[in-house]
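Student: What would the 3D arrangement of this be:
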Amino acid sequence: MALNSPQPDDISRKARFNCLIVVAIIFFTILGLRLWTLQVIYADQYQLLSQKNRTRYIPIAAPRGSIYDRDGLQLVDNRPSFTVSVLRQEVIDKQSLLQHLSKYLDSDWKTLEAGWNKHSYYPQYRPIPLKRDITRDTLEKLAENSVNLPGMLIEVQPMRAYPYREAAAHLFGHIGAITPNELTMPKYNNYHAGDFIGKSGLEKHLESYLKGIAGEKLVEVDVKGKQLRQLQIQSPTPGNNAYLTLQRALQLRTEQAFGDHAGAAVVLNVNNGDILAMVSRPAFDPELFARGITSAEWNALISNPSHPLQDKSISGQYPPGSTYKMVTALAALQAGVITPNTIIDCEGRTTVGNRDFRCWKKTGHKATNLKKALRESCDVWFYEVALMVGIEKMSDMARQLGLGRT
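Tutor: Residues are numbered from 1 along each chain as shown. Coordinates of the predicted model:
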């Protein structure tokens, strides 16, 4: 054996060393290719993700369009309001914060916690509102004690204002916070958690017209989501204003005439059908819903036997009463069974079969023709004419006038 021939151990050691070199080369080649892929091919994508991690787009609510009467007098508007909210990522002790807030907001801390939980579906960066439309005094107290309220935020937001409160409340309707279920609907694709939408009446019917276009601000945040600075802002675009055929003075006077009675009244322009006043009583205050109605307020409304949430001017079934007398008179004139001068003697009652039907005037209207019957709403005159003309002809006249269909 040659003295300097390689030993088997040396060959094995060299082979292992070569293998390690190959493995290292392959590893660093793969690592280099991966780094090149991340930093060159996907650079834009990861830069965008990084940007999203440090910035947030926060929507700014657009003021809803105002509502005016036929003369351009304002009926529904917006006003600035202060909302107490919390930034969850900045809250260290939730229960302690809510207990401190309850002292200033005149609310039980459990009620505030319920509001917190109710809005827990909001995005993490979106403040959760706990109480809307606080007073200036409350605002000042909260500001003075803000150092003891970590995570509290006071936001200035537009709030729907109904200066005449219950007047035409059913016609205007009310707004409310959008629900998680509504956010899944296609028609609310452009809405965000915390937005307000029309829930009933014109507020709902004209939602897309009144709502405006929300603005947004771009803010820089830290790893906890706390806002560091505002980078840019896009101001919101207010909604469109709506002009109605209502006449404000007539609407308010009609509301006043009802007093505490329940019922409905609609005043129309007989020449073109314009609605000049539309009243349903009792009514409700739409601002209760705009600022967030409490359980006690809601229970008071739904337990009221006069049903203040029902729009009695367009819903419910009621006897037509004296308004139907004009149908009876037209049917009789068209059928030729009477003339405007037909005289019927009203003694305060008339008998059909074995039943007496009374006139509203106990002493009767005496000799009455069509003009007097309409002017004084003589019940007996129309009872007698109805028997003369018959139900079929009255029904046909009612259909000609559009009754029985939308």
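Student: ranges for the helices of the stretch 51-200 of the chain?
Tutor: Along the stretch 51-200 of the chain, counting by DSSP state H, counting those that start in this stretch, helices occupy 94-105, 109-118, 136-144, 169-172, 180-183.
Student: May I see the ones you listed organised as JSON lines, with mean pLDDT added?
Tutor: Supplementary listing: these in JSON lines, determined by pLDDT from 0 to 100:
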{"stretch": "helix 94-105", "mean pLDDT": "91"}
{"stretch": "helix 109-118", "mean pLDDT": "89"}
{"stretch": "helix 136-144", "mean pLDDT": "91"}
{"stretch": "helix 169-172", "mean pLDDT": "97"}
{"stretch": "helix 180-183", "mean pLDDT": "92"}
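Student: from those helices, which stretch is densest packed?
Tutor: Of all these, helix 169-172 carries the top mean neighbour count, a mean of 25, counting by mean count of other Cβ atoms under 10 Å. Just so you know, the C-beta spots here come from the backbone N, C-alpha and C atoms, and that holds for glycine as well.
Student: packing partners for that one?
Tutor: Helices and strands touching helix 169-172, by 3 or more Cβ pairs under 8 Å, 6 or more residues apart in numbering; DSSP states H and E, are helix 201-205, strand 275-281.
Student: Could you single out the most deeply buried of those?
Tutor: Most buried of the helices and strands packed on helix 169-172, by mean neighbour count (mean count of other Cβ under 10 Å): strand 275-281, with a mean of 22.
Student: Helix or strand next in line after that strand, which one?
Tutor: As assigned by DSSP states H and E, the chain's next helix or strand after strand 275-281 is helix 287-291.
Student: Flag every buried residue along that next one.
Tutor: By 16 or more other Cβ atoms under 10 Å, the buried positions in helix 287-291 come out as 287-290.
Student: With stretch 123-138 instead?
Tutor: Across stretch 123-138, burial judged by 16+ other Cβ under 10 Å covers 125-134, 138.
Student: Relative to the whole chain's centre, how far out is that stretch?
Tutor: How far stretch 123-138 lies from its chain's middle: 18 Å, per Cα atoms, centre = their mean, to the nearest Å.
Student: okay, it in CSV with CA atoms only?
Tutor: In CSV, the C-alpha atoms belonging to stretch 123-138 read as follows (Å, rounded to 0.1, in the frame of the first residue of the first chain):
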residue,chain,number,x,y,z
PRO,A,123,-64.6,47.3,12.6
GLN,A,124,-61.9,47.5,15.3
TYR,A,125,-60.8,50.9,14.2
ARG,A,126,-64.3,52.3,14.2
PRO,A,127,-65.4,54.1,17.4
ILE,A,128,-68.4,52.6,19.2
PRO,A,129,-71.0,55.1,20.2
LEU,A,130,-72.3,54.9,23.7
LYS,A,131,-74.5,57.9,24.0
ARG,A,132,-75.6,60.4,21.3
ASP,A,133,-76.6,64.0,21.5
ILE,A,134,-75.1,64.9,24.9
THR,A,135,-75.6,68.3,26.4
ARG,A,136,-72.9,71.0,26.6
ASP,A,137,-72.7,70.6,30.4
THR,A,138,-72.0,66.9,30.0
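Student: next one: stretch 59-74 to chain centre, how far?
Tutor: Worked out by Cα atoms, centre = their mean, stretch 59-74 lies 14 Å from the chain centre.
Student: buried residues in it?
Tutor: Quick answer for stretch 59-74 (16+ other Cβ under 10 Å): 59, 61-70.
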